[in-house]
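# here is the input, now give the coordinates:
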Amino acid sequence: MIKKLVKVAVGIGLAVFLSACDWTEQSDALMAGGLNLDPTHKEVMSCEAAGDDCIHFTVLHTNDNHGRFWQNQEGEYGMAARKSLVDRIRKEVRAAGGETLLLSGGDINTGVPESDLQDAKPDFVGMNLIGYDAMAVGNHEFDNPLSVLDKQREWANFPMLAANIYKADGTRYFKPYKIFDFNGLKVAVIGLTTKDTAKLGNPEFVNVLTFTDPAIEIAKVIKELKAKNAADVIFATTHMGHFADGHFGSNAPGDVMMARSLEPGLLQAVFGGHSQNPVCMEPNSNNYAQFQPGDDCVPDRQNGAYIMQAHEWGKYVGRADFEYYSGKLHLLNYQLIPVNLVKPKRDNKGKLVFDSQGKAVKTWIQSYIQPDSKVLAALEPYQMQGQEELDQVVAKTDGVFDGARDHVRFMQTNLGQLIAKVQSQKVGADFGIMNSGGVRDSLPAGKISYRDVLMVQPFGNLFSLATMTGTQLRHYLGDVAAMQRDSGGYAQITNVKMSVDCVAKTVNISKINGRNFKETDKYTFSIPSYSAAGGDGYPIIDAVATGHVDADVLFQFFKDTKNVSIADYTPAGDIIYENSDSPLGCQVSMPL
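Here you go, the predicted model:
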């Protein structure tokens with residue numbers, strides 16, 4: 001765990017740490033916290049000693065908003081509280097003579113129905129009110145037709161940046177960068193988007209665009225900036241993901257590999273998104289710290305570039321305080337500041353505290369941030385409109401889609417088949433796997449609304465895309481298909497014809513997606529990210545994070561299809577269970 005050596009509370013004015021004795025002492029203290037701030041330049045005593053040649057500024061950043069413009073039921077995060085926090089920091093920095101830049105790592109779209117149903121307009125309204133300066137374009141910005149994205153660009157009072165997205169005519173779809181002037185210091189911010197967008201986005205919307213290699217593109221843009229002498233400091237705001245030590249698996253290479261691809265010193269910092277993790281490292285290592293809200297956070301540093309990411313949903317505002325003097329940039333302080341996050345309250349013996357109704361009492365992790373009243377007033381109509389939209393009928397069924405717990409965890413059901421098929425079709429996979437624990441209710445016959453869908457899949461879980469050879473798949477399905485009945489791990493599987501030996505945990509596959517099975521062929525399948533990561537005892541596999549939310553995809557299917565027949569999803573009996581006490585799934589009696 002990171003020791004609390006670099007902690008500077010938000011309430012302490014920036015002027016306090018700008019008046020530190022000298023650079024040597026600051027460097028030693030920050031080195032102890034793992035920030036490695038150029039100790040070879042000890043001849044420069046301090047920003048204060050540099051006088052007018054020193055410029056200090058603060059970069060604030062968030063990422064992966066995913067429709068969370070409103071606080072959750074616990075009163076956590078929300079754009080109104082974020083506005084109050086950002087304003088407080090801006091005031092503090094301004095009082096000390098500095099300036100502030102606010103960046104987003106992208107993925108404003110998709111995740112909360114109140115936002116999804118309104119094309120994320122409340123989120124862009126909120127970002128305008130908070131005062132964002134620029135954002136990276138995320139892969140979820142392509143969940144909608146390009147006409148919606150173009151409309152969002154008009155709503156935004158700030159540029160969407162992406163240097164590596166091109167139109168068919170060879171021109172960029174977005175601006176590649178923006179230059180900001182901080183008291184004469186020219187700071188360039190380059191935007192970049194994961195190359196995986198080409199396979200994660202809706203093909204109907206992205207097939208007219210080309211997503212080039214961000215590492216190649218940023219080198220090209222930096223060369224252009226240097227040739228024009230256009231920037232003293234170069235940052236990137238990205239939606240590419242942070243993968244520790246560059247181990248990106250089946251994902252496209254992220255921020256670490258991009259930073260390593262550049263000549264040291266060309267890029268000073270990356271403010272990222274996409275992997276939705278707090279990038280807080282163990283000091284002087286490539287390993288993640290066991291970060292908890294309120295802990296100190298040491299950003300990653302690769303090839304001289306700091307890499308930062310603020311988890312997701314506006315749960316945190318990342319704060320990086322910089323000084324620039326003698327031609328060099330110095331990171332003075334870094335924090336991930338919780339935005340009204342809560343934790344269970346415990347007594348002096350460490351036991352949970354419960355209220356009179358038996359509910360666990362919650363307490364704020366840091367001091368409560370009063371939400372900005374103007375932002376609340378501006379966003380409340382969108383929240384109310386979203387609630388009304390939730391009850392609008394978008395489809396009809398001719399029968400019940402069965403998701404009852406005592407059915408879906410015991411046998412293949414039409415709802416289990418529906419969900420697995422919808423997810424696999426969304427990503428163009430050969431077949432789909434759905435853990436039955438992720439199906440929480442049935443869908444009634446007749447009218448279907450978004451609220452009905454949320455009863456079935458209330459958690460907003462993500463699903464992934466995996467690729468295996470036939471041999472690998474045979475071994476994998478041997479474990480997965482043999483999951484016992486009456487458990488959340490019992491697998492709903494579609495488009496696979498096979499027999500399962502429940503004792504040996506082996507399978508004999510005959511067809512996948514209508515094709516004869518071959519050991520040497522490659523197959524793709526959709527699977528909940530929870531299951532791919534080992535949830536419910538599934539084998540851990542290397543899978544691409546699609547970023548798709550289960551309920552959102554299911555709702556879109558109903559909205560597009562309108563009339564859905566249960567006959568199209570009745571289990572076909574393609575899976576035969578052998579050496580089982582039940583023909584409906586693996587049920588192996590334990591020996592006495």
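# okay, now Lys178: neighbour count?
16 (other Cβ atoms under 10 Å). No exception for glycine: its C-beta is placed from N, CA and C like everyone else's.
# equivalent analysis for Val112, please.
Residues within reach of Val112, counting by other Cβ under 10 Å, total 25.
# got the phi/psi numbers for it?
Listed backbone geometry of Val112 is phi -130, psi 120, with angles given as degrees, to the nearest 10.
# surely it is in contact with Gly67?
Yes. Applying Cβ atoms under 8 Å, one finds Val112 in contact with Gly67, separated by 3.4 Å.
# am I right that Val256 is in a strand?
No. According to DSSP: H, G, I helix; E, B strand; the rest coil, Val256 belongs to no strand; its state is helix.
# verify the stated contact: it with Gly246.
Yes. Using Cβ under 8 Å, Val256 is in contact with Gly246, at 4.3 Å.
# these two: which has the busier surroundings?
For Val256 and Gly246, the more surrounded residue by other Cβ under 10 Å is Val256, and the numbers stand at 26 against 16.
# flag the shaky bits of the stretch 301-450 of the chain, pLDDT-wise.
Counting by pLDDT under 70, the stretch 301-450 of the chain contains no low-confidence range.
# now the strands for it?
305-308, 316-325, 328-338, 342-344, 362-364, 393-397, 431-435, 446-449 (DSSP state E, counting those that start in this stretch).
# including distance to Gln370 and mean neighbour count, could the ones you listed go into JSON lines?
As requested, those are exported to JSON lines (distance: least, Cβ to Cβ, whole Å; neighbours: other Cβ atoms under 10 Å):
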{"stretch": "strand 305-308", "distance to Gln370": "26", "mean neighbour count": "25"}
{"stretch": "strand 316-325", "distance to Gln370": "15", "mean neighbour count": "24"}
{"stretch": "strand 328-338", "distance to Gln370": "15", "mean neighbour count": "22"}
{"stretch": "strand 342-344", "distance to Gln370": "15", "mean neighbour count": "14"}
{"stretch": "strand 362-364", "distance to Gln370": "12", "mean neighbour count": "14"}
{"stretch": "strand 393-397", "distance to Gln370": "37", "mean neighbour count": "18"}
{"stretch": "strand 431-435", "distance to Gln370": "41", "mean neighbour count": "26"}
{"stretch": "strand 446-449", "distance to Gln370": "35", "mean neighbour count": "17"}
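# including distance to Asp181, could these go into TSV?
Formatted as TSV, those follow (distance: least, Cβ to Cβ, whole Å):
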stretch	distance to Asp181
strand 305-308	21
strand 316-325	13
strand 328-338	16
strand 342-344	40
strand 362-364	38
strand 393-397	48
strand 431-435	51
strand 446-449	50
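# which among those is found nearest to Val544?
strand 431-435 (14.6 Å; Cβ to Cβ).
# the domain parsing of the chain - what is it?
Listed by automatic domain parsing, the domain ranges of the chain are 14-386, 393-578.
# let me have those domains in CSV, adding distance to Ser589 as columns.
Listed next are these as CSV, based on distance: least, Cβ to Cβ, whole Å:
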stretch, distance to Ser589
domain 14-386, 37
domain 393-578, 10
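# which one of the ones you listed has the lowest average pLDDT?
Across those, domain 14-386 has the smallest mean pLDDT, namely a mean of 90.
# what about the spatially closest residue to Asp441 that is not a sequence neighbour, neighbour count?
Among residues not flanking Asp441 along the chain, Met455 sits closest, at 4.3 Å (Cβ to Cβ, 6 or more residues apart in numbering). For Met455, the count of nearby residues is 15 (other Cβ under 10 Å).
# wait, is Met455 part of a helix?
Yes. Assigned with three-state DSSP, Met455 falls within a helix.
# mind listing the residues bridging to Thr397?
Using DSSP bridges, the bridge partners assigned to Thr397 are Gly446, Val564.
# residues in contact with it?
By Cβ atoms under 8 Å, 6 or more residues apart in numbering, the contact set of Thr397 is 443-446, 448, 563-566.
# show me which of these is closest to Phe158.
Comparing these against Phe158 with Cβ to Cβ places Ile448 closest, at 37.4 Å.
# ok, that closest one - contacts?
Neighbour list for Ile448: 393-397, 558, 564 [criterion: Cβ under 8 Å, 6+ apart].
# against Asp143, how distant is it?
Per Cβ to Cβ, to the nearest Å, Ile448 is found 20 Å from Asp143.
# how far does stretch 430-445 sit from the chain's center?
Centroid separation for stretch 430-445 versus its chain: 23 Å, with Cα atoms, centre = their mean, to the nearest Å.
# how about it as CSV, C-alpha atoms only?
C-alpha atoms of stretch 430-445 as CSV (Å, rounded to 0.1, in the frame of the first residue of the first chain):
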residue,chain,number,x,y,z
ASP,A,430,-20.4,-17.1,-33.3
PHE,A,431,-22.2,-17.9,-30.0
GLY,A,432,-23.1,-16.5,-26.6
ILE,A,433,-22.7,-17.5,-23.0
MET,A,434,-24.8,-16.0,-20.2
ASN,A,435,-24.4,-16.8,-16.5
SER,A,436,-27.8,-17.4,-15.1
GLY,A,437,-27.0,-15.4,-12.0
GLY,A,438,-27.1,-12.3,-14.2
VAL,A,439,-30.8,-12.9,-15.1
ARG,A,440,-32.9,-11.5,-12.2
ASP,A,441,-36.5,-11.6,-13.4
SER,A,442,-38.9,-12.6,-16.2
LEU,A,443,-40.4,-10.4,-18.9
PRO,A,444,-44.2,-10.5,-19.0
ALA,A,445,-46.2,-11.2,-22.1
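# give me phi/psi at the residue lying closest to Lys195 once chain neighbours are set aside?
Of all residues not flanking Lys195 in the chain, Ala252 sits nearest, at 4.3 Å (Cβ to Cβ, 6+ apart). Backbone torsions for Ala252, taken as degrees, to the nearest 10, come to phi -70, psi 150.
# number of nearby residues for Ala252?
A count of nearby residues for Ala252, using other Cβ under 10 Å, gives 23.
# cheers, nothing more for now.
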